[in-house]
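>>> Attaching a predicted model along with its sequence, questions to come.
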Amino acid sequence: MTTVDLPLLPLGRGTDPLSERGVECPGDLPAPSDPDLVARAEAAKAALGDKLFVLGHHYQRDEVIRFADVTGDSFKLARDAAARPQAEYIVFCGVHFMAESADILTGPEQQVILPDLAAGCSMADMARLAQVEAAWEALAEAGVQDKVVPVTYMNSSAAIKAFCGRNGGVVCTSSNAEVALEWAFEQKGPDTKVLFLPDQHLGRNTAVLQLGYDLDDCVVWNPHKPAGGLDAQQLGDARMILWKGHCSVHGRFSADVIDELRAKVPGLKVLVHPECQHEVVLKADEVGSTEYIIKTIDAAPAGSSWAIGTELNLVQRLADRHPDKNIMFLDRNVCYCSTMNRIDLPHFVWALENLVEGRVVNRIEVDEQTEAEALVALQRMLDLPGKSHRD
Ligand code: 13P
Ligand code: SF4
């Protein structure tokens, strides 16, 4: 089996086109202490007018999200990007894989810009194309590949989405994983298996809690072990082959903190993202995408108490927006997504002011073939019947 190590990039220089990583940021950034940053962002946005469309993921900082034309989870942002053909520049305030998806879903004349290329996603980095192709070959050697449908979470590189596109698979997000898996399990008859990339937790939580599979139906493919660390018997018996990837932010939430908080706060409701570990999701009252979390808190009665297991920028914003509700964070420590946080006001202003000057910086451009194949898998997702109730 081929193992591919991530190259170490010197801080502030270079990009690695094979992964989610990239740290280059040419030119001078405005100083974070510049008191005029807000005014500069407003002026640049006004100067660009309808040419510019700013998308903001819910995990973005307040200082950036205030400039977003639309906010959303990764599914909603993918759809919103596709629905604005008149915008010449799409500035994506989110992470690299989201900007790639926006590039794939928008026209060739539209340019997608990620204000800081270091805004990658550690989970997406956990599944690299060479590793996934090696796994696919190993599944053929084990005699099961013809029964396997690859499903990748949106949080993956365009190359992995393209792999799914050319191998009969689909993309899913946290808000439609259930329907995507239902679709996948129908593709190759009653013995269909799914190779779920790269988040083992979303895969396991969806298969077990929403589709009714047993934990024993799931095996974990470790890309750092020969043949994934699994024998032909285990692969033959499995229905869900879960890639050994996870989110370092959502992986922090633990079942014992839920117990502790429930003991302290009467009537507490626990609401978590499906990237959390299975035992955390089992103890929660509600589970859903960032969009679902927002809708649930918006609709909750005044005086209700909620512990939320997702990224801290969003939880803080919800607490600020609902002073009549008792909203707390489901972790003892501060827990931001460090790569989402890379997009700050200086990078945002820098990207916009360059656009005003006619210079496109930090363009995210997926090559033609990858784009065409990834589009197949993304389009299969957008065509799924309805959506799960968890959006
Ligand atoms: P959503 O699909 O809920 O937006 O989540 C994206 C993400 O990166 C969560 O960690
Ligand atoms: Fe990736 Fe986790 Fe950050 Fe989401 S929260 S972008 S999955 S590292």
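Noted; the coordinates are in hand. Ligands and ions are numbered 1, 2, ... in the order given.
>>> ok, now which ones touch the residue lying closest to residue 177 once chain neighbours are set aside?
Of all residues not flanking residue 177 in the chain, residue 206 sits nearest, at 4.3 Å (C-beta to C-beta, 6 or more residues apart in numbering). Where you see a C-beta, it was placed from the backbone N, CA and C, and this is true even at glycine. Taking C-beta atoms under 8 Å, 6 or more residues apart in numbering as the criterion, residue 206 is in contact with 177-178, 181, 274.
>>> One more pass at 10 Å, please.
Contacts for residue 206 (C-beta atoms under 10 Å, 6 or more residues apart in numbering) come out as 151, 153, 172, 174, 176-182, 194, 196, 199, 213, 240, 274, 281, 287, 388, 390.
>>> Report pLDDT for it.
Looking at residue 206, its pLDDT stands at 98.
>>> Likewise for residue 23?
So residue 23 comes in at 54 (pLDDT).
>>> follow-up on the earlier one: what about the contacts of residue 206, which are in helices?
Of the contacts of residue 206, the ones assigned to helices by DSSP state H are 177-182, 281.
>>> tell me which of these is nearest to ligand 2?
residue 177 (13.5 Å; C-beta to the nearest ligand atom).
>>> how about that closest one, what does it touch?
Residue 177 makes contact with 151, 153-154, 196, 199, 202-203, 205-207, 210-211, 274, 289, 388, 390, according to C-beta under 10 Å, 6+ apart.
>>> Quick check: the two most widely separated of the residues you listed?
For the contacts of residue 177, the maximum inter-member distance is 18.9 Å, found between 154 and 211 (C-beta to C-beta).
>>> Which one's more surrounded, these two?
Higher neighbour count among residue 154 and residue 211: residue 154, with 27 against 16, using other C-beta atoms under 10 Å.
>>> ok, that one touching residue 173?
Yes: applying C-beta atoms under 10 Å as the test, residue 154 and residue 173 come out as touching, 4.5 Å apart.
>>> so what's in contact with the two at the same time?
With C-beta under 10 Å, 6+ apart, residue 154 and residue 173 have common neighbours 73-75, 77-78, 101, 202, 381.
>>> In strands, which of those appear?
Judged by DSSP state E, strands contain none of those.
>>> Show me which pair in those is furthest apart.
Farthest apart among the shared contacts of residue 154 and residue 173 by C-beta to C-beta are 77 and 202. That separation is 17.5 Å.
>>> How about the residues of the stretch 201-350 of the chain by ligand 2?
247-249, 311, 337, 339-340 (C-beta under 6 Å from any ligand atom).
>>> List phi and psi for the most centrally placed residue in the chain.
Residue closest to the mean C-alpha point of the chain, counted by C-alpha atoms, centre = their mean, is residue 155 at 3.7 Å. Recorded main-chain torsions at residue 155 are phi -70, psi 70, according to degrees, to the nearest 10.
>>> My guess is it contacts residue 198. True?
Yes: between residue 155 and residue 198 there is a contact under C-beta under 10 Å: 7.0 Å.
>>> okay, and the common contacts of the two?
121, 123-127, 245, 247.
>>> sorry, back to before: filter the contacts of residue 177 down to just the ones in strands.
Members of the contacts of residue 177 lying in strands (criterion: DSSP E): 151, 153, 196.
>>> per-residue pLDDT, the second one?
Model confidence at residue 153, expressed as pLDDT, equals 97.
>>> What residues are bridge-paired with it?
residue 172 (DSSP bridges).
>>> That one and residue 262, how far apart?
Between residue 153 and residue 262 the distance is 30 Å, computed by C-beta to C-beta, to the nearest Å.
>>> Looking at these two, which has the bigger crowd around it?
Taking neighbours as other C-beta under 10 Å, residue 153 and residue 262 compare with residue 153 leading, 31 against 15.
>>> That one: what's it in contact with?
For residue 153, the contact set (C-beta under 10 Å, 6+ apart) comprises 74, 97, 123-124, 127, 160-161, 171-174, 177, 180, 196-199, 201-203, 206, 243, 245, 247, 274-275.
>>> so who does whichever residue of the stretch 51-200 of the chain sits closest to ligand 1 touch?
In the stretch 51-200 of the chain, the residue that lies nearest ligand 1 is residue 73 (3.1 Å; C-beta to the nearest ligand atom). Applying C-beta under 10 Å, 6+ apart, we find residue 73 in contact with 57-59, 94, 98, 154, 173-175, 273, 288-294, 314, 391.
>>> same thing but at 8 Å, please
Per C-beta under 8 Å, 6+ apart, neighbours of residue 73: 57-58, 173-175, 289-292, 391.
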